[in-house]
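Peer 1: Build the 3D model from these lines:
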Amino acid sequence: MIKKLFFIPFILLLLLRVDSGKAQNLLTDKVSQQTMLKALQRIYNWEFAQANQIIASLPPSYSNHPSYYLLKALVLHWQYLPLEKSHPQFAAYEKLLNRCAKLSEARLKANKKDVEGIFFKLMAYGLKALAEVETGSLRSAVSHGRRAYRAIKQGFKKTDDFSEFYFSTGLYRYYAKQFPQSRPIIKPFMVFFPSGDKNKGLAHLRTATQKALFTRQESWVFLGDIYLKYEANIYQASLAFAHLTNTFPKNPFFALKYAECLVHLERYYEAQNYFARFKLQSLPVYRVGSLTLKGMIAERLQKNDKQAQMLYQQAIRIKGFDQRYSRDYRALAKAGLARIAAKKTDKQSQKTAKELYKQARKHTEYEWLKKVIKKALKAL
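Peer 2: Okay, here's the model as predicted:
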């Protein structure tokens with residue numbers, strides 16, 4: 001249930017394999033390890049056909065191992081990012097997660113300390129919980145989270161022995177503390193879960209970027225997101241997304257987030273160099289994000305309020321935006337429209353500015369933007 005508690009940690013699926021019906025540790029199998037890493041690199045670089053070809057080359061024995069189904073889910077997750085419950089591909093995605101969970105629980109039934117079973121159960125139910133949270137189905141999210149409870153606790157004890165656990169425990173510790181602050185309605189449910197610690201969570205994620213093998217890049221993704229949304233450290237966020245953008249140049253999502261960081265840092269000309277990487281994407285997150293960033297550049301760099309207003313209005317009129325990412329771009333667009341309206345002294349413009357600021361505050365999870373809006377409202 002914790003919003004991003006597990007989100008993508010299913011990359012841990014890459015750590016183990018089955019050969020002739022017997023479990024093997026991928027870390028001792030260099031050939032299979034490299035095959036899995038190649039698939040992962042293709043997925044991050046938005047080369048999904050090539051990734052599927054690599055996955056198809058895995059031995060038939062994978063059909064009875066949770067790793068295969070979680071890896072296929074990973075392809076869908078990134079290909080249709082953000083993949084929400086209303087998406088046509090979600091049914092296939094959920095089916096893969098259910099199969100992964102079933103196989104994981106079978107392993108744990110045979111051996112409650114089975115590392116593979118712990119990992120894959122954690123990932124499958126975590127991702128299912130995330131989908132429920134994003135649609136507001138908190139009870140269902142809690143149900144999935146409670147099924148992963150034992151795996152959560154076991155993960156805390158294994159970081160010294162297994163570096164990949166730094167990623168999953170880092171995410172849990174941070175979001176178990178942050179999410180109830182962002183959404184207070186969650187607080188009563190947290191009694192079912194271990195307590196969080198933001199500092200430890202960040203420390204574990206940073207360690208994962210250095211020590212982890214398969215979850216290293218995913219740790220960069222979440223560090224960037226955390227620094228941008230909650231820690232108000234846009235410079236550190238920019239470093240994370242710069243790393244990802246340079247490593248995976250075909251990934252439009254990484255380019256979008258890096259361009260956003262650069263705009264916030266007033267490095268407008270640098271930001272514009274990355275627009276070509278995502279401007280042709282048709283999903284709402286890219287359309288809303290692109291228009292909003294262009295509007296901010298028009299407003300702040302070019303001092304052209306008329307052009308900025310037009311771009312902001314186009315951004316908020318786009319239909320079908322997702323709850324995970326587009327909502328923050330919509331908030332930035334509405335905050336921009338509010339700034340423009342606030343420059344006028346008539347009562348109607350001032351009223352419009354207040355309403356737009358309040359709408360932006362409701363949309364966003366950016367803690368720094370909430371503070372900016374609070375200050376602006378006091379000044380009106």
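
Peer 1: ok, Phe90 - contacts?
Peer 2: Leu83, Glu84, Ala131 (C-beta atoms under 8 Å, 6 or more residues apart in numbering). C-betas here are computed from N, CA, C, even on glycine.

Peer 1: do the same with Gln50
Peer 2: Arg42.

Peer 1: Ok, Ala298 next?
Peer 2: Going by C-beta under 8 Å, 6+ apart, Ala298 touches Asn304, Gln307, Ala308, Leu311.

Peer 1: Kindly report the same for Val288.
Peer 2: The contact partners of Val288, taken as C-beta under 8 Å, 6+ apart, are Ala315, Ile316, Ile318, Phe321, Ser326, Tyr329, Arg330, Ala333.

Peer 1: Find the residue closest to Gln350 in space, skipping its chain neighbours.
Peer 2: Using C-beta to C-beta, 6 or more residues apart in numbering and skipping residues adjacent in sequence, the residue nearest Gln350 is Leu380, 5.7 Å away.

Peer 1: Verify the stated contact: the one you found with Lys344.
Peer 2: No - between Leu380 and Lys344 there is no contact under C-beta atoms under 8 Å: 11.3 Å.

Peer 1: what sits in contact with each of these two?
Peer 2: With contacts taken as C-beta under 8 Å, 6+ apart, Leu380 and Lys344 have Gln350 as neighbours in common.

Peer 1: hang on, the earlier thing: just the ones of the contacts of Val288 in helices?
Peer 2: By the criterion of DSSP state H, membership of the contacts of Val288 in helices covers Ala315, Ile316, Ser326, Tyr329, Arg330, Ala333.

Peer 1: picking that back up, any of the contacts of Ala298 buried? List them.
Peer 2: Among these, the ones that count as buried by 16 or more other C-beta atoms under 10 Å are Ala308, Leu311.

Peer 1: Which of the contacts of Ala298 fall in helices?
Peer 2: Gln307, Ala308, Leu311.

Peer 1: Find the helix or strand that the closest residue to the second one other than its chain neighbours is a member of.
Peer 2: Spelled out, that is Ala308. Leaving aside its sequence neighbours, Ala308 sits nearest to Glu299 (C-beta to C-beta, 6+ apart; 3.6 Å). If you go by DSSP states H and E, Glu299 is part of helix 284-300.

Peer 1: Could you give me the buried positions within that helix?
Peer 2: Neighbour counts over helix 284-300 (16+ other C-beta under 10 Å) mark 284-299 as buried.

Peer 1: go on, stretch 93-111?
Peer 2: Neighbour-count burial for stretch 93-111 flags Tyr93, Glu94, Leu96, Leu97, Arg99, Cys100, Ala101, Leu103, Ser104, Glu105, Arg107, Leu108 (criterion: 16+ other C-beta under 10 Å).

Peer 1: Am I right that Glu94 is in contact with Lys128?
Peer 2: Yes - the criterion here is C-beta under 8 Å, and Glu94 meets it with Lys128 at 7.2 Å.

Peer 1: Can you check the pLDDT for the residue nearest to Gln350?
Peer 2: If you check Leu380, the pLDDT there is 90.

Peer 1: And for it, the neighbour number?
Peer 2: Leu380 sits with 12 neighbouring residues when counted by other C-beta atoms under 10 Å.

Peer 1: How about the contacts made by it?
Peer 2: So Leu380 contacts Ala342, Gln350, Ala353, Lys354, Tyr357 (C-beta under 8 Å, 6+ apart).

Peer 1: Those: which two are farthest apart?
Peer 2: Farthest pair in the contacts of Leu380 (C-beta to C-beta) is Gln350 and Tyr357. Separation: 10.8 Å.

Peer 1: Ile234 - how many residues pack around it?
Peer 2: The burial count for Ile234: 19, using other C-beta under 10 Å.

Peer 1: these two touch, right, it and Glu266?
Peer 2: No - in this structure, Ile234 is not within contact of Glu266 by C-beta under 8 Å, at 10.3 Å.

Peer 1: hang on, the earlier thing: so which of the buried residues of stretch 93-111 is the closest to Ile118?
Peer 2: Of the buried residues of stretch 93-111, the one sitting nearest to Ile118 (C-beta to C-beta) turns out to be Leu108, at 7.1 Å.

Peer 1: Find the residue closest to that closest one in space, skipping its chain neighbours.
Peer 2: Using C-beta to C-beta, 6+ apart, the closest residue to Leu108 is Gly117 (3.8 Å).

Peer 1: Thr159: what secondary structure?
Peer 2: coil (DSSP: H, G, I helix; E, B strand; the rest coil).

Peer 1: on that earlier part again, looking at the contacts of Leu380, which is nearest Thr207?
Peer 2: When the contacts of Leu380 are compared for distance to Thr207 (C-beta to C-beta), Tyr357 wins out at 39.0 Å.

Peer 1: Hmm, Lys375 and that closest one touching each other?
Peer 2: No - taking contacts as C-beta under 8 Å, Tyr357 lies outside contact range of Lys375: 10.1 Å.
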